[in-house]
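Engineer: show me the folded form of this:
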Amino acid sequence: MKSILISISIVLSLNVFSAHHESDESSLMPVAKPGQVIVTYRGQCPAENANKAISIVKKTIAYEKKNSPISYSSSPGIWSDGTVGAVDLHDSLEAMEEAFAWQAADKKWSSLYDKVAKACGITIEDFEVLNLVAR
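Structural biologist: Residues are numbered from 1 along each chain as shown. Next up is the predicted model:
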């Protein structure tokens, strides 16, 4: 029994080490496919208010997921410089623009975005919003 277990362990070890020569390129997964749009939102927020702001961002994302007619993904977080915000992924520029139009027209979404800003002591105009079109 012991020799069978040792044999199995050796075979499994060889399989793990045999993949060492594979290209790193094949194991990298792109964040976005060409044509998709990554949108980043960043706003200054005192450290003592960051968790409250992120909690509201999470509520906003849950609301988007349930109510937005345009499908996209979003993740909240705190940037390395302490700003709070989120990263969204849209299928295209057109889809992003449709999502932005829905957000602007939806009073509940706008109210939640405003609450995030207020939690940080800023306005929504103070958020830096950048778009990256993947190539």
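
Engineer: for K58, which non-adjacent residue is closest in space?
Structural biologist: Nearest residue to K58, sequence neighbours excluded (Cβ to Cβ, 6 or more residues apart in numbering): P76, at 5.6 Å. Yep, even glycine has a C-beta here, placed from its N, CA and C like the rest.

Engineer: can you give me the strands for this structure?
Structural biologist: For the chain, the strands defined by DSSP state E cover 37-43, 73-78, 84-90, 128-133.

Engineer: export those as TSV, with columns for mean pLDDT and distance to T60.
Structural biologist: Below are those laid out as TSV (pLDDT from 0 to 100; distance: least, Cβ to Cβ, whole Å):
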stretch	mean pLDDT	distance to T60
strand 37-43	97	10
strand 73-78	96	8
strand 84-90	96	8
strand 128-133	97	14
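
Engineer: buried stuff in the lengthiest helix in the chain?
Structural biologist: The longest helix of the chain (DSSP state H) is helix 47-67. Neighbour counts using 16 or more other Cβ atoms under 10 Å place 50, 52-54, 56-57, 60-61, 64 of helix 47-67 among the buried residues.

Engineer: what residues does that helix touch?
Structural biologist: 43, 45, 72, 74-78, 82, 84-86, 103, 106, 108-109, 112-113, 115-116, 119-121 (Cβ atoms under 8 Å, 6 or more residues apart in numbering).
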